[in-house]
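K.L.:
Sequence and predicted structure, then a few things I'm wondering about:
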Amino acid sequence: MRKFVLAAAIATSALGLAACSESADQAGETVDAMAADAEANAEAAGEMAGEAMEGAEGAASDAGEAAEGAADDAGAAVEEATADAEEMMDGE
């Protein structure tokens, strides 16, 4: 009877060790897959940040051009108003 119990215990231990080694292999594969996913996500985030910076630079350039255009328009309006005022003063 003891031999059967001992044999059953040895078989259970062997199955447990086999299951653990298989689980370790699967865990290693899972870790590798997770690392690959993390790397891909980091690369995608870097690309998105680069695109956002390019977009921000373009927007800043456009804003600068718009401000320059507005300043030119304001300067022209001041010159026109000054000329109109001078004409009115000369007419009096």
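P.N.:
Perfect, thanks for sending it.

K.L.:
and the gap between Ala52 and Asn41?
P.N.:
Distance, Ala52 to Asn41, by C-beta to C-beta, to the nearest Å: 16 Å. In this view, the C-beta of every residue, glycine as well, is placed from N, C-alpha and C.

K.L.:
Then Ala33?
P.N.:
Taking C-beta to C-beta, one finds Ala33 at 13 Å from Asn41.

K.L.:
low pLDDT regions in this structure?
P.N.:
1-28, 31, 91-92 (pLDDT under 70).

K.L.:
Just the strands from it, written as ranges.
P.N.:
Using DSSP state E, the chain contains no strands.

K.L.:
which stretches of it form helices?
P.N.:
Applying DSSP state H to the chain gives helices spanning 2-91.

K.L.:
Burial check on Glu80, number of neighbours?
P.N.:
By the criterion of other C-beta atoms under 10 Å, Glu80 has 10 neighbours.
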